[in-house]
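Novice: Can you look at this prediction? I've put the sequence above it.
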Number of protein chains: 2
Amino acid sequence: MSQDGVDLGKSLGYLLKEASSALRVAMEEVLRPLGMSVTHYSCLELLAQRPGLSNSELARGAFVTRQSMNVLLQTLEREGDVTRPAEAPVGKVLPTRLTPRGRRKLEKATVAVRSVEVRMLGGLTETEQSGAFRILQSMIHSLRDGDDGA
Amino acid sequence: MSQDGVDLGKSLGYLLKEASSALRVAMEEVLRPLGMSVTHYSCLELLAQRPGLSNSELARGAFVTRQSMNVLLQTLEREGDVTRPAEAPVGKVLPTRLTPRGRRKLEKATVAVRSVEVRMLGGLTETEQSGAFRILQSMIHSLRDGDDGA
DNA sequence: CGGTTGGTGTCAGTTTTCTGACACGTCCAC
DNA sequence: GTGGACGTGTCAGAAAACTGACACCAACCG
């Protein structure tokens, strides 16, 4: 219906959003059978790579607010995938850790997610992939520079 | 606090999400003074480039559901930024168009958004930009291929 | 012609995420 | 030590998005 690509596709910003959306959709698709959402998975993956992360740190890593991450953590804790001490060892920070159960869940999810990433990079050469790496990092850096900076 | 980059940054998927998030934040920042959200802007921009788009088509273009786009369109219509015929010329499709008022609003927003995009691409050469273009399109294509396909 | 498929607008309810605000703890400068 | 800036966990309410479902229309094919 209508045309398909006029000149929306000329904007790298739009393309970035489109790619991110496609990635999210693809991840949701493979994660759904496992009963996990993308944020769900992100949280577990974060925890596996950096055990003891706080709620706020997890939120930043998953690009959601502390409040959102907190409700997720409560669910994960109730389901027995993560553990948080009842008392803060220092300050108010409650370091979160994966339980063996959470780790097992994550392993399955990681396989699924990795397959998506592999598919995403299918048509790209090694050189293009490292190019993409540098380019994306440059974009992020440039975007954040001006946020608070000037 | 904690470390800063362990090996999250090694995943292109994560980097893509990070870049997209940074872009969204930056856009929200410049759009907020204009009283517009990102979806808001996307809708207007879409309409400017392809007048007469239907609600469903706009939804797909802005990566939201028909239902979400519909409530947005109702707001835009109430504010006088877009027009939809009361009766469908053919079928049930209601072609939407920008009003002069909507067009003026969009112009201001476009300036703001373009500045963000320029900033984002600041550290990139022309060659890198076209590389990014190809790479992102390849990712989108590869991601969508497997969705329904095999 | 009748049936099926695909697309659309819309109603309703739910879920998720966000914004705003509070109290508390740490850290550093003074 | 004392003050302020900063970061954190949490409560409460609001906004945004989603899922599910319905009726309708167009196009195609037997």
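Specialist: Thanks, I have the structure now.
Novice: Quick check: A:V113 vs chain B, distance?
Specialist: When distance is defined by CB to the nearest CB, to the nearest Å, A:V113 is 7 Å away from chain B. C-betas here are computed from N, CA, C, even on glycine.
Novice: what about that residue, helix or strand, and which?
Specialist: Assigning secondary structure by DSSP states H and E places A:V113 in helix A:100-120.
Novice: which other residues reach the helix or strand just after that helix?
Specialist: Toward the C-terminal end, the helix or strand that comes next after helix A:100-120 (DSSP H and E) is helix A:126-148. For helix A:126-148, contacts defined as CB atoms under 8 Å, 6 or more residues apart in numbering or on different chains pick out A:16, A:121, A:124, B:9, B:12, B:15-16, B:18-19, B:22-23, B:25-26, B:29, B:116, B:119-124, B:128, B:131-132, B:134-135, B:138-139.
Novice: Could you list the alpha-carbon positions for helix A:126-148 in PDB?
Specialist: The C-alpha coordinates for helix A:126-148 follow below in PDB (Å, rounded to 0.1, in the frame of the first residue of the first chain):
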ATOM      1  CA  GLU A 126      34.000  -8.800  10.100                       C
ATOM      2  CA  THR A 127      35.200  -5.500   8.900                       C
ATOM      3  CA  GLU A 128      31.700  -4.100   8.700                       C
ATOM      4  CA  GLN A 129      30.900  -5.300  12.200                       C
ATOM      5  CA  SER A 130      33.900  -3.600  13.700                       C
ATOM      6  CA  GLY A 131      32.900  -0.500  11.700                       C
ATOM      7  CA  ALA A 132      29.400  -0.700  13.100                       C
ATOM      8  CA  PHE A 133      30.900  -1.000  16.500                       C
ATOM      9  CA  ARG A 134      33.000   2.200  16.200                       C
ATOM     10  CA  ILE A 135      30.200   4.100  14.500                       C
ATOM     11  CA  LEU A 136      27.600   3.300  17.100                       C
ATOM     12  CA  GLN A 137      30.000   4.200  19.900                       C
ATOM     13  CA  SER A 138      30.800   7.500  18.200                       C
ATOM     14  CA  MET A 139      27.100   8.300  17.900                       C
ATOM     15  CA  ILE A 140      26.500   7.500  21.600                       C
ATOM     16  CA  HIS A 141      29.400   9.600  22.600                       C
ATOM     17  CA  SER A 142      28.400  12.600  20.500                       C
ATOM     18  CA  LEU A 143      24.800  12.400  21.600                       C
ATOM     19  CA  ARG A 144      25.700  12.300  25.300                       C
ATOM     20  CA  ASP A 145      28.300  15.100  25.000                       C
ATOM     21  CA  GLY A 146      25.800  17.700  24.300                       C
ATOM     22  CA  ASP A 147      23.200  16.500  26.800                       C
ATOM     23  CA  ASP A 148      24.500  18.200  29.900                       C
END
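Novice: ok and that helix relative to helix B:100-120, angle-wise?
Specialist: Helix A:126-148 runs at 110 degrees relative to helix B:100-120, counting by axes from the mean of the first three to the mean of the last three CA atoms, to 10 degrees.
Novice: Run the contact check for helix A:126-148 versus DNA strand D.
Specialist: No - no part of helix A:126-148 sits near DNA strand D under the criterion CB under 7 Å from any atom of the strand; the closest distance found is 10.4 Å.
Novice: Now do that helix: distance to the chain's middle.
Specialist: Its chain's C-alpha centre lies 17 Å from the corresponding centre of helix A:126-148 when counted by CA atoms, centre = their mean, to the nearest Å.
Novice: how about that helix: buried residues?
Specialist: Buried residues in helix A:126-148, defined by neighbour count with 16 or more other CB atoms under 10 Å in any protein chain shown: A:E128, A:G131, A:A132, A:F133, A:I135, A:L136, A:S138, A:M139, A:I140, A:S142, A:L143, A:G146.
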